Structures are given as C-alpha cells and as structure tokens.
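Peer 1: predicted model and sequence follow; I will ask about them next.
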Amino acid sequence: MLEKNSLTKIKKDVEDSVGKKVILKANKGRKKTTVREGILESAYPSIFVVKISNQYDSVRRVSYTYSDILTETVEVTICDGEERKISIC
C-alpha cells in the first residue's frame, strides 16, 4: 500500500516539472482512454493544470488532482529537452 509520503512526492515531482511538455493518458471509464499532449502550466495545493493545444489552434486547460495520479486514473509522462521521458506513477 502506498504511504501518505507518496502523495507529497507526486506533488513535488509535478511542481518541479511546471513549464515542461507532458503526455497525459487519462482513463475515462468503460475502457475509454484519451492521450493528450500539452504543457504543465501550474501546480496548486490540490490540483495541477495542463494547457492543451489542438489542430484547430484552440487552447484548452484541463485540471487533475494529485490523487488521480496516485489512483492511476491519470498517467503523466514528462518529456525533457533531450526527449527523455520521466513517468510520474
């Protein structure tokens, strides 16, 4: 079982990655998953916000809680400048 410290570790990892490109894989239920690419815009005490651009030049912001990562509802992969990927799980 995961400890409370793992939630604070997830929060710190997300806060350290603000401004970086991320890939989100979200579980939408009934075997539906969506994969989106965006920029981790900001991190707040209970949520984090990702700015997503699509092919129609519209900008959309989605927010998730840190517990979404803990319960594996959302999988966040951080892409560094060297195309290295770091998963927060």
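Peer 2: Structure received. Keep in mind that this is a model prediction, so the values were computed, not measured.
Peer 1: can you map out the strands along this protein?
Peer 2: Shown for the chain, the strands assigned by DSSP state E span residues 21-29, 32-43, 47-53, 59-65, 74-79, 85-88.
Peer 1: would you mind pulling the contact partners of the second one?
Peer 2: It stands for strand 32-43. Strand 32-43 is contacted by residues 11, 14-15, 17-28, 48-53, 61-62, 78 when judged by Cβ atoms under 8 Å, 6 or more residues apart in numbering. The way it works is simple: take the backbone N, C-alpha and C, and place the C-beta from them, glycine included.
Peer 1: apply 6 Å and report the result again.
Peer 2: With contacts defined as Cβ atoms under 6 Å, 6 or more residues apart in numbering, strand 32-43 is touched by 14-15, 17-18, 20-28, 49-52.
Peer 1: repeat for the fourth one
Peer 2: Taking contacts as Cβ under 6 Å, 6+ apart, the residues outside strand 59-65 that touch it are 47, 49-53, 74.
Peer 1: may I ask which two of these are separated the most?
Peer 2: Within the contacts of strand 59-65, two members stand farthest from each other by Cβ to Cβ: Ile47 and Ser53, at 20.1 Å.
Peer 1: my guess is Thr77 contacts Lys21. True?
Peer 2: No - in this structure, Thr77 is not within contact of Lys21 by Cβ atoms under 6 Å, at 9.5 Å.
Peer 1: of the contacts of strand 32-43, grab the buried ones for ChimeraX.
Peer 2: Command for ChimeraX, covering only those of those found buried under the criterion 16 or more other Cβ atoms under 10 Å:
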select :14,17,22,23,24,26,49,50,52
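Peer 1: what's the overlap in contacts for Thr77 and Lys21?
Peer 2: Applying Cβ under 6 Å, 6+ apart, one finds that no residue jointly contacts Thr77 and Lys21.
Peer 1: before we move on, the earlier item: just the contacts of strand 59-65: which has the poorest pLDDT?
Peer 2: The member of these with the lowest model confidence is Ser53, at 81 (criterion: pLDDT).
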